[in-house]
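**Q** when you get a sec, could you give me coordinates for this:
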Amino acid sequence: MNLGQVLLIVLALALLATLQLTINSSLLRASLITMDNESRIDAISIAQAMIDEINSKAFDSCTIGKVAHFTSELTPQYYFGPEGTESTVPAYDQEPFKSRTMFNDVDDYHRYTRLDHSSSLGTFIVRDSIIYVTNTNQDVYSSASTWYKKIIVVVKHPNMLDSVIISSIDRNSPKKVSYMLDSVMIKSLSVYREYF
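**A** Reported below is the predicted structural model:
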């Protein structure tokens, strides 16, 4: 075997190694994207289930079984969160979620955290925030009580490459999507109908 043949073999092996690395990186990228998409779909459905659970509760503790006529009757923002026996819900609630039976109004979910388990992807961390927003612009925080409470649900999972933030004023309006670190954020609005 002469020097020319050895150089051709070395060149062929280098080409083969480069091709193999390219294929491996493409397969790895495809599997990462697949895991990201699967975790994102699960996170969005978990967040939407959380929104549905919160919206199934009374608007405020003063509206359970009665009608509020003035915003001064509503719970001030600094009292948001569980009170009384609702405080027995653990810091990281797990299945079966105690919030479903213990919480009775929207603001009980303020700073509530749960661990939601998926059979294929493991644990998702779900965290809720509730704030008052102004009557005229539901993107603006209000320090005073209003007839509008914004619900913000953040779902995190390590398989998510980027995150999605989905925002909706009500169930019929189009949702806005943007990106953040490794979580999905869904925003919704709880509205108290003051006129019955």
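**Q** and Gln77, what does it touch?
**A** By CB atoms under 8 Å, 6 or more residues apart in numbering, the contact set of Gln77 is 131-132, 143, 145. To be clear about C-beta, it is placed using only N, CA and C from the backbone, and glycine gets the same treatment.
**Q** where along the protein do the helices fall?
**A** Counting by DSSP state H, residue ranges of the helices within the chain are 3-55, 99-102.
**Q** wait, isn't Gln138 in contact with Trp147?
**A** No. Between Gln138 and Trp147 there is no contact under CB atoms under 8 Å: 10.9 Å.
**Q** turn the helices of the chain into a markdown table, columns for mean pLDDT.
**A** Formatted as a markdown table, the helices of the chain follow (pLDDT from 0 to 100):
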| stretch | mean pLDDT |
| --- | --- |
| helix 3-55 | 87 |
| helix 99-102 | 91 |
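**Q** do you know which of the ones you listed lies nearest Ser183?
**A** Between Ser183 and the helices of the chain, the tightest spacing by CB to CB is seen for helix 3-55, at 7.4 Å.
**Q** packing partners of the closest one?
**A** Under the contact criterion of 3 or more CB pairs under 8 Å, 6 or more residues apart in numbering; DSSP states H and E, helix 3-55 touches strand 113-118, strand 122-132, strand 148-156, strand 164-167, strand 183-191.
**Q** relative to Glu86, which of the helices of the chain is closest?
**A** Glu86 lies closest to helix 99-102 among these, at 5.1 Å (CB to CB).
**Q** for the closest one, which helices and strands make contact with it?
**A** Looks like helix 99-102 contacts no helix or strand (3+ CB pairs under 8 Å, 6+ apart).
**Q** list the buried residues in that helix.
**A** By neighbour count on 16 or more other CB atoms under 10 Å, the buried set for helix 99-102 is 99, 102.
**Q** same check on stretch 187-196?
**A** Residues of stretch 187-196 classed as buried by neighbour count (16+ other CB under 10 Å): 187-190, 192.
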